[in-house]
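> Here's my sequence, what's the structure:
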Amino acid sequence: MDYKFFAMISRMKYIDRWALMRNTINENLSEHSLETAFIAHALALLGNKRLGKSYSPERCALLAMYHDATEIITGDLPTPIKYYNKQIKSVYNEIEENAERQMLSYLPEDLREDYAPLFSRTEEEAELWRIVKAADKLSALIKCIEERRMGNEDFASAERSTLEAIHKLACPEAEMFLEEFIPPYDLTLDEQC
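Okay, here's the model as predicted:
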């Protein structure tokens, strides 16, 4: 039998993000997911080393890799639309749940239970999903900074609101990342080296 899960996952590279914005450099879902995984791994390590947490950095990275995978089916619904009101958010949540089930159906039966937690946010992994959410926002902030540095002022408002959203998460690991790792994004390559 042919299972199309990984053929679908490979389509992440065709899903562009920031559809309502003029982009200097396009970003696809695959690129965003990898960057989010790198950041989630770092946030978990910061929490473990500095805050006495016992996160699994590898699990955080894995959850981040799949955190938007349902967008292969749903597309990337822009944030202003997704959160416009409770009714839209509720309907979109239902659409995402259907996409999760569809993605899982593309796997052999004996693997589905292993992949299901990578799509559905479980209570057991709520702390890890909090880290992934912060990493997701940090990745969005990085995109905004990169666009601003390229002279694209269309991202100025998004940069401010994304930074505000990160602060609202009250995630100390994200605050550490902001302080220690975000400033170099405003440097040129020569300045970084």
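> and A116, how far is that from D136?
In this view, A116 and D136 are 20 Å apart by Cβ to Cβ, to the nearest Å. Quick note: C-beta positions are derived from backbone N, CA and C, even for glycine.
> The two: who's more crowded?
D136 (20 against 15; other Cβ atoms under 10 Å).
> distance of the more buried one from R17?
11 Å.
> Torsion angles phi and psi at M21?
Backbone torsions for M21, taken as degrees, to the nearest 10, come to phi -110, psi 150.
> need the contact list for it.
Neighbouring residues of M21 by Cβ atoms under 8 Å, 6 or more residues apart in numbering: 147, 154-155, 158.
> of all the residues you listed, which comes closest to M103?
The closest of the contacts of M21 to M103 turns out to be A158 (Cβ to Cβ; 28.2 Å).
> these two touch, right, the closest one and E146?
No: here A158 lies out of contact with E146, judged by Cβ atoms under 8 Å, at a distance of 11.7 Å.
> Quick one, which of the contacts of M21 are buried?
Listed as buried from the contacts of M21 are 147, 155, 158; burial here means 16 or more other Cβ atoms under 10 Å.
> Hmm, the first one is touching R17, no?
No: taking contact to mean Cβ under 8 Å, the distance of 11.6 Å between E147 and R17 leaves them out of contact.
> Over to D2. Which of the three states is it?
coil (DSSP: H, G, I helix; E, B strand; the rest coil).
> And it, what's its pLDDT?
On the pLDDT scale, D2 is placed at 92.
> That one and Y14, how far apart?
On the measure of Cβ to Cβ, D2 and Y14 end up 20 Å apart.
> Also L118?
As for L118, its distance to Y14 is 20 Å (criterion: Cβ to Cβ).
> Comparing the two, which shows the higher neighbour count?
Using other Cβ under 10 Å, the more surrounded residue of L118 and Y14 is L118, with 18 against 10.
> need the helices for this structure, in chain order.
With DSSP state H, the ranges of helices along the chain come out as 5-9, 29-51, 57-66, 71-74, 79-82, 86-105, 109-119, 126-149, 156-168, 172-181, 189-192.
> Residues in contact with the fifth one: which ones?
Pointing back at helix 79-82 there. By Cβ under 8 Å, 6+ apart, helix 79-82 touches 20, 88-89, 92.
> Kindly report the same for stretch 30-48.
Contacts of stretch 30-48 (Cβ under 8 Å, 6+ apart): 12-13, 15, 17, 53-69, 128, 131-132, 134-136, 138-139, 142-143, 171-174, 176-177, 181.
> what about it, average pLDDT?
98.
> mind listing what's buried in it?
30-33, 35-37, 39-44, 46-47.
> Fine, thanks again, bye for now.
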